[in-house]
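Participant: Need coordinates for the following:
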Amino acid sequence: MRYGPAMIMPFDRKEPDGDMDGALPPFDLEKVNRLLAKASHVHNTTPDPQMGGLSPEQVFLLSYVPWNTEGSPLRLNAALSLSDAERSPFFCRARKLLCAIRDAGGVKGTSGRNLNRRFVGDMMRMVLTEEEQADINEYFKVVNEPDAFPLHLARVVSELAKLLRLSKGVFAIPRKKLLLLAPERAGELFRDLFLAYFIKFNLAYLTRYGPEAGCIQSYAGYTLYRLGVVADEWHSTDALVEEIMLPAVRSEVAAEIGDHSFWNVGDLLKHRIIIPLIDWGLLEGRYDNSESQRFKTLVSVRITPLFRDYLSFLFA
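Facilitator: Numbers count the residues shown, from 1 in each chain. Next comes the predicted model:
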């Protein structure tokens, strides 16, 4: 896609020798460049049905201008109250983790740069449901931080957000970040964690044995915008691939998957964007467990009130 004026490199044009009938008129390079620039502008600012009704220029702004900065259409509401923010399970886990580390005056880390086993056990009882704890304990007799993945994810993202630091073998909250744990600063904490999760954190880690497919994350801004358009009511997850991913992104992910029979584009979209947004409280899901009483299949989603309260899209 072109996002700027088309350019033509100047070239030498030799005049014909002597008089020639039908000789070409003088070549006006500036005029040609103006015409091409106009055509490029029209192309880049015209809504495209293949891009969900956005223009190439709008897709560019969503994808390449940092979120919540000047010039970005994607805006985040950092004025959320604590009760609003706590509609997000991920936010609740992360904030409880950070508050526990603050209240403990720091927590000793392991040689692998993880939280120590005793603290992990305490936090599991504090932030995970009984069902989640039972599932983890069934697979691991001794639970280390990475085994309690929801807790592990909260710790990793908190570090990426610079809300948590490991120094001299101890995890602690940097002094400048302590104020973000105050109830009245919950919206700012939510924003910092959200940006760290979807921008700094590598979402491919959520499907550690799958292809990198980084373009899913690179174009997440477009995906968020489209979810707000198509998922106001319950919407089949099977249809989302065609409706909330750009055609070029779908093609690139499919090419990267290749003959890998375990993954498809929809699976990667679901595990890297849709399920995380459910954990963030921005989507809610309906599940079908008819095939297995143990494993539930996500079949439809819709956006939540928190989605509208937190995210907005403003195109100039």
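Participant: what does stretch 130-139 contact?
Facilitator: M124, R125, L128, V143, D147, A148, P150 (CB atoms under 8 Å, 6 or more residues apart in numbering). (Glycine included, C-beta is placed from N, CA and C.)
Participant: pLDDT of that stretch, averaged?
Facilitator: The pLDDT scores in stretch 130-139 average 94.
Participant: That one: which residues count as buried?
Facilitator: Q133, I136 (16 or more other CB atoms under 10 Å).
Participant: all strands in the stretch 201-316 of the chain, in order from the N-terminus.
Facilitator: Using DSSP state E, counting those that start in this stretch, the strands assigned to the stretch 201-316 of the chain run over residues 235-236, 283-288, 297-303, 311-313.
Participant: out of those, nearest to G105?
Facilitator: Within these, the stretch nearest G105 is strand 311-313; the backing value is 36.1 Å (CB to CB).
Participant: picking up where we left off before, give the ChimeraX command for selecting the buried subset of the contacts of stretch 130-139.
Facilitator: The buried residues among these can be selected in ChimeraX (16+ other CB under 10 Å) with this line:
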select :124,128,143,147,148,150
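Participant: now, the most widely separated pair of the contacts of stretch 130-139?
Facilitator: The largest separation in the contacts of stretch 130-139, counting by CB to CB, is between R125 and D147 at 14.7 Å.
Participant: hang on, the earlier thing: please list the members of the contacts of stretch 130-139 that lie in helices.
Facilitator: Per DSSP state H, helices hold the following members of these: M124, R125, P150.
Participant: In contact with the last one, which residues are there?
Facilitator: The one in question is P150. R93, V127, L128, E132.
Participant: Over to the last one. Which of the three states is it?
Facilitator: It stands for E132. Secondary structure assignment for E132 (DSSP: H, G, I helix; E, B strand; the rest coil): helix.
Participant: Then the first one?
Facilitator: When states are read from three-state DSSP, the local structure at R93 comes out as helix.
Participant: cool, the one 4 residues further on as well?
Facilitator: Per three-state DSSP, the local secondary structure of L97 is helix.
Participant: In this structure it contacts M124, no?
Facilitator: No - L97 is not in contact with M124 according to CB atoms under 8 Å; the separation is 10.9 Å.
Participant: can you count the residues close to P183?
Facilitator: Neighbours of P183 under the rule other CB atoms under 10 Å: 11.
Participant: nope, R165 is what I was after
Facilitator: By other CB under 10 Å, the residues close to R165 number 14.
Participant: before we move on, back to that, overlap in contacts, L97 and M124.
Facilitator: With CB under 8 Å, 6+ apart as the test, L97 and M124 both reach L151.
Participant: these two touch, right, E256 and P211?
Facilitator: Yes - with contact defined as CB under 8 Å, E256 and P211 form a contacting pair (4.7 Å).
Participant: All the helices of the stretch 101-250 of the chain, residue numbers only.
Facilitator: According to DSSP state H, counting those that start in this stretch, the stretch 101-250 of the chain carries its helices in the segments 117-127, 130-139, 149-160, 186-195, 215-218, 220-230, 240-244, 247-257.
Participant: what's the distance between the longest one and the middle of its chain?
Facilitator: When C-alpha coordinates are averaged (CA atoms, centre = their mean, to the nearest Å), helix 149-160 and its chain have centres 15 Å apart.
Participant: Run through who's touching stretch 141-148.
Facilitator: So stretch 141-148 is contacted by 110, 114-115, 117, 120-121, 123-124, 128, 136-137, 139-140, 151-152, 155 (CB under 8 Å, 6+ apart).
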